[in-house]
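*Asks:* need a structure here:
(chains A and B)
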Amino acid sequence: MSQFDVSAVQADFPILKRPIRGNNRLVYLDSGATSQKPISVLDAEREFYTKHNAAAHRGAHQLAEEATELFEAARGKVAAFIGAKVDEVVFTKSATESINLVAYSFGNAEPGSKFHIKAGDRIVVSEMEHHANLIPWQELAKRTGAELVWLSVTDEGRLDLSNAESIINTKTKVVALTHQSNVLGTINPINEIAKFARKAGAYFVLDACQSVPHYAVDVKTLDVDFIAFSGHKMLGPTGVGVLWGKQELLDEMPPFLTGGSMIETVTMQSATYLPAPKRFEAGVPNMAQAVGLGAAIDYLNRIGLEKIHQHEVELTKACIERLSQIPQLKIVGPTNMELRGGVVSFTIDGVHPHDLGQALDQYGIAVRTGHHCAWPLMKKFKVVATTRASFYLYNDLADVEALVTGVERARDYFLGR
Amino acid sequence: MELDSLYQEVILEHYKRPQNKGLLPNQTVQVHHVNTSCGDEITLNLKLTDGVISEISWDGVGCSISQASTSVVSELLKGKSSEAALSVIDTFQAMLQSKGNDQGDESILEDGVAFAGVAKFPARVKCALLGWMATKDAISQSQALTGNNATKEQR
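*Replies:* Just a heads-up that it's a prediction; the model follows:
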């Protein structure tokens, strides 16, 4: 029934073979936080350091040339992966930095610039944002006097779009939304919301951290202006993130981080800046990490995102079905698979997520517990925290079974005594 | 089993039947502490009478470790002078930060020694300390508020 040979995939991830908490099999269900890395990604990073290490874009020697080529080839792979032009791909250290880049760049724009934000303008977010796509906008609103407004979330865990048109009004300069909730698994109808953003003349910033690693995201069909995602959630190394932006916007935006690599000419008193992407890549770049991300993309392409997505849908469906049979358990988020990704959050009456996570850990099951960097969403659902299982290509139905059995054991441990 | 070393019977007892839960009025100070990594939070009222802790009451949400631990500290420190209470808190904190090497002195910590096992779970140390750090904060604030007057009166 599987879309591809999952056991062959598992064999590519050395960490899955290590025993955990004694002699338990590792059941890794925390890919929503960070994914594990296949050996090919580790090899690519190592090979960069052992054979080609030098500062990209500077130096006249062979190593510098090779480092530059490899770094730029990685950019090419990222661009092809999301259907973008090469120069529209900016390497950052994380998705968080990517979003801050846009927020600070807009904040740096002078009056008269189309990016300038001032008192009376509106920034629209949603109640289901990760803190990474909330706090940068809170701060921008604070600095500029703009108003921060948000779309709310329904009890089912979907965006409430009933008043979207009045919220995304003509004062709106930025709409910043997540593609898929890291807590609920909900996939938002981006193009539907984009219509309101277009009508308002607002820029649309999409947090694609939970989508790009799991299913095909094409910036040519997605009607947004910027997307941000991180390498480490898609089999790549930590320390590399991506900002994609429309070329004509990136080329006009003021820089965020300044310094070497991003300048055209410099005098003691002023400087002019290179076009994108270099304008936004000050300093010696994270070359090995970008190369590792390139290798991760090769790996994902070899399996195929469509198959990966189907596989995750199967696992998520099975997980929701099985968990729903536990009487004390409540799923937080949509329970049908329509517009839904491979993240399942839940609570158990009488067992705090932290305690549940602790017990699961003893059985070798790694889940995330807590507020998932989405505190406002927790308040909305009137919970302090949830337990979250998130799936990726190396998970299988045995992992789902292990989770369900583990949850039942943990429940009996805490409620039975 | 490993879990039992963490979840001692005493802890689960306090979790199920927390002591001094429910805020009492007329406190000297009120503090609010949050565990930023998991969202657990407690509000704690402390009443200092002539340098002695006459009441500790609290309310909050959290895991069994943080709830039980707050219950224990609220019971243990009532009737102690603020100085003695701070010293007990230091003893508890040292035990939790010992990585499991310090089993705790039961004559000082009483039910608090049940949390010795938590020291082996780094991610849970903060849970066990939440109520204790809130109490420490409340004592310090109360001392600052009443300290000078109280000292004068005593003299």
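*Asks:* just how off-centre is stretch A:98-106 within its chain?
*Replies:* Distance of stretch A:98-106 from its chain centroid, counting by Cα atoms, centre = their mean, to the nearest Å, is 16 Å.
*Asks:* now that stretch: mean pLDDT?
*Replies:* The average pLDDT within stretch A:98-106 is 98.
*Asks:* which residues of chain B fall in helices?
*Replies:* For chain B, the helices defined by DSSP state H cover B:2-6, B:9-16, B:64-76, B:82-96, B:106-109, B:122-154.
*Asks:* next, count neighbours for the residue of the stretch 51-200 of chain A found nearest chain B.
*Replies:* Here the stretch 51-200 of chain A gets closest to chain B at one residue, A:His131, 11.0 Å apart by Cβ to the nearest Cβ. Any C-beta I mention is one placed from the backbone N, CA and C, and that applies to glycine too. The local packing of A:His131 (other Cβ atoms under 10 Å in any protein chain shown) involves 15 other residues.
*Asks:* quick check: it touching A:Cys373?
*Replies:* Yes. Contact criterion Cβ atoms under 8 Å: A:His131 and A:Cys373 qualify, at 4.4 Å.
*Asks:* sorry, back to before: deepest-packed of the helices of chain B, please.
*Replies:* Of all the helices of chain B, helix B:64-76 has the most neighbours on average by mean count of other Cβ atoms under 10 Å in any protein chain shown, namely a mean of 26.
*Asks:* other SSEs contacting that helix?
*Replies:* Contacts defined by 3 or more Cβ pairs under 8 Å, 6 or more residues apart in numbering or on different chains; DSSP states H and E place helix B:64-76 against helix A:353-362, helix B:9-16, strand B:41-49, strand B:52-61, helix B:82-96, helix B:122-154.
*Asks:* got the contact list for the first one?
*Replies:* Meaning helix A:353-362. Residues from elsewhere that reach helix A:353-362 (Cβ atoms under 8 Å, 6 or more residues apart in numbering or on different chains): A:21, A:24, A:347-348, A:366-370, A:384-387, A:403, A:406-407, A:409-411, A:413-414, B:1-3, B:6-7, B:38, B:40, B:62-65, B:121, B:124, B:127.
*Asks:* generate a ChimeraX selection restricted to the buried subset of these.
*Replies:* Buried subset of these, written as a ChimeraX selection, criterion 16 or more other Cβ atoms under 10 Å in any protein chain shown:
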select /A:347,348,366,367,368,369,370,384,385,386,387,403,406,407,409,410,411,413,414 /B:3,6,7,38,40,62,63,64,65,121,124,127
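*Asks:* now do the contacts for A:Pro334.
*Replies:* With Cβ under 8 Å, 6+ apart, A:Pro334 has these contacts: A:156-158, A:184-186, A:340.
*Asks:* any idea how far A:Val183 is from it?
*Replies:* As judged by Cβ to Cβ, to the nearest Å, A:Pro334 and A:Val183 stand 12 Å apart.
*Asks:* any idea how far A:Ala73 is from A:Gly231?
*Replies:* According to Cβ to Cβ, A:Ala73 and A:Gly231 sit 15 Å apart.
*Asks:* which one of the two is surrounded by more residues?
*Replies:* More crowded of A:Ala73 and A:Gly231, by other Cβ under 10 Å: A:Gly231, with 33 against 12.
*Asks:* residue contacts, the more buried one?
*Replies:* With Cβ under 8 Å, 6+ apart, A:Gly231 has these contacts: A:237-242, A:289-290, A:292-293, A:296.
*Asks:* rebuild those residues as JSON lines, extending it with neighbour count and pLDDT.
*Replies:* Below are the contacts of A:Gly231 laid out as JSON lines (neighbours: other Cβ atoms under 10 Å in any protein chain shown; pLDDT from 0 to 100):
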{"residue": "A:Pro237", "neighbour count": "21", "pLDDT": "98"}
{"residue": "A:Thr238", "neighbour count": "16", "pLDDT": "98"}
{"residue": "A:Gly239", "neighbour count": "17", "pLDDT": "98"}
{"residue": "A:Val240", "neighbour count": "28", "pLDDT": "98"}
{"residue": "A:Gly241", "neighbour count": "27", "pLDDT": "98"}
{"residue": "A:Val242", "neighbour count": "29", "pLDDT": "98"}
{"residue": "A:Gln289", "neighbour count": "23", "pLDDT": "98"}
{"residue": "A:Ala290", "neighbour count": "28", "pLDDT": "98"}
{"residue": "A:Gly292", "neighbour count": "30", "pLDDT": "98"}
{"residue": "A:Leu293", "neighbour count": "31", "pLDDT": "98"}
{"residue": "A:Ala296", "neighbour count": "29", "pLDDT": "98"}
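*Asks:* out of those, who's nearest A:Lys195?
*Replies:* When the contacts of A:Gly231 are ranked by distance to A:Lys195 (Cβ to Cβ), A:Val242 comes first, at 25.5 Å.
*Asks:* which stretches in the stretch 101-250 of chain A count as strands?
*Replies:* Secondary structure of the stretch 101-250 of chain A by DSSP state E, counting those that start in this stretch: the strands cover A:122-126, A:147-151, A:172-178, A:203-207, A:226-230, A:241-245.
*Asks:* could you export the fifth one as CSV, CA atoms only?
*Replies:* Read it as strand A:226-230. Extracted in CSV, the C-alpha atoms of strand A:226-230 (Å, rounded to 0.1, in the frame of the first residue of the first chain):
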residue,chain,number,x,y,z
PHE,A,226,7.2,36.0,-0.5
ILE,A,227,7.6,32.5,1.0
ALA,A,228,9.9,31.5,3.8
PHE,A,229,11.0,28.0,4.8
SER,A,230,13.8,26.3,6.6
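*Asks:* that strand to strand A:241-245, inter-axis angle?
*Replies:* 170 degrees (axes from the mean of the first three to the mean of the last three Cα atoms, to 10 degrees).
*Asks:* partner strands of strand A:226-230, with direction?
*Replies:* Applying DSSP bridges, strand A:226-230 is found paired with strand A:203-207 (parallel), strand A:241-245 (antiparallel).
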